[in-house]
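K.L.:
the sequence and its predicted three-dimensional model are supplied below.
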Amino acid sequence: MLFIRSFLFNILFYGWMLLCGVIFTPVLFLPRIYTLKVAHFWIRGVIWLCEYVLHLQFKLVGDENLLKTPSLFAVKHQSFWETFIFYYLLSDPVVALKKELLWIPFFGWYLKKLNMIPLSRSTKRGGQDFMRLLRNAEEAVACRRPLLIFPEGTRSKLGQKGVYKAGVGRLYLHLNIPVVPIAHNAGLFWPRRTFVKYPGQITVDIMDPIKPGLSRQEFMRILEDKIEEKANELVQKEKPYETYA
């Protein structure tokens, strides 16, 4: 049953992505607000597929910490799920993402129209990328748009801590805005690089913001401790691999 649900979900998921990408292509020539509406429409469709095909839902803990003032949201990266759900929850965030995603037909075109911040994996371009990140982050704060970043840069294995990049600490010092740590256990239900997805309820814990004023070293220590401790706690609460094996 798990395989059948996952198979059906994957067909519908990519079919829905392609359908929306093709049908709504004309909005790419209109003001950005229309592309944002399309993105939210697509995400609502994916949430529906998760709920009614996979029987996968999610709940928020601490949603009062989804600040409306300019803030940086630092999210644990375990799966593909959090890359779209937080774009929906935060309404219209500026997201730092891998440059390679912009090369995907249709999907990448929409990302570019939404004014995301592409970052290269090449160390040679690290300085240029960070300066672009700072400029875009400053513009986002001026427009009162939230910032969304995955501090590890790439998806970490379930139960493991990736390397937290120095960029998030530099953004914290430069922007002088609160940073909201977010942990979840999406990797239990939508594991990275796997075909099968599991039913259940993903828990997203939006923790109290870290206020400006700390040193970069102290900020990084607190951020890592908060996210990793809470993520490990959430992962230990459920074992869908055993329940649905």
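P.N.:
In hand now; what should we look at?
K.L.:
buried sites along stretch 175-183?
P.N.:
Under the neighbour-count criterion of 16 or more other CB atoms under 10 Å, stretch 175-183 has L175, I177, P178, V179, V180, P181, I182, A183 buried. (Each C-beta comes from the backbone N, C-alpha and C, glycine too.)
K.L.:
could you dump the residues you listed to JSON lines with pLDDT and secondary structure?
P.N.:
Formatted as JSON lines, those follow (pLDDT from 0 to 100; DSSP: H, G, I helix; E, B strand; the rest coil):
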{"residue": "L175", "pLDDT": "91", "secondary structure": "helix"}
{"residue": "I177", "pLDDT": "93", "secondary structure": "coil"}
{"residue": "P178", "pLDDT": "95", "secondary structure": "coil"}
{"residue": "V179", "pLDDT": "96", "secondary structure": "strand"}
{"residue": "V180", "pLDDT": "97", "secondary structure": "strand"}
{"residue": "P181", "pLDDT": "97", "secondary structure": "strand"}
{"residue": "I182", "pLDDT": "97", "secondary structure": "strand"}
{"residue": "A183", "pLDDT": "96", "secondary structure": "strand"}
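K.L.:
okay if I get those as a markdown table plus distance to M220?
P.N.:
Converted to a markdown table, the buried residues of stretch 175-183 look like this (distance: CB to CB, whole Å):
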| residue | distance to M220 |
| --- | --- |
| L175 | 15 |
| I177 | 16 |
| P178 | 15 |
| V179 | 10 |
| V180 | 15 |
| P181 | 11 |
| I182 | 16 |
| A183 | 16 |
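K.L.:
which of these lies closest to L111?
P.N.:
I182 (20.8 Å; CB to CB).
K.L.:
just list whatever residues bridge to that closest one.
P.N.:
When assigned by DSSP bridges, I182 has beta-bridge partners V75, I206.
K.L.:
go on, Q57?
P.N.:
Note on Q57: beta-bridge partners Q201, judged by DSSP bridges.
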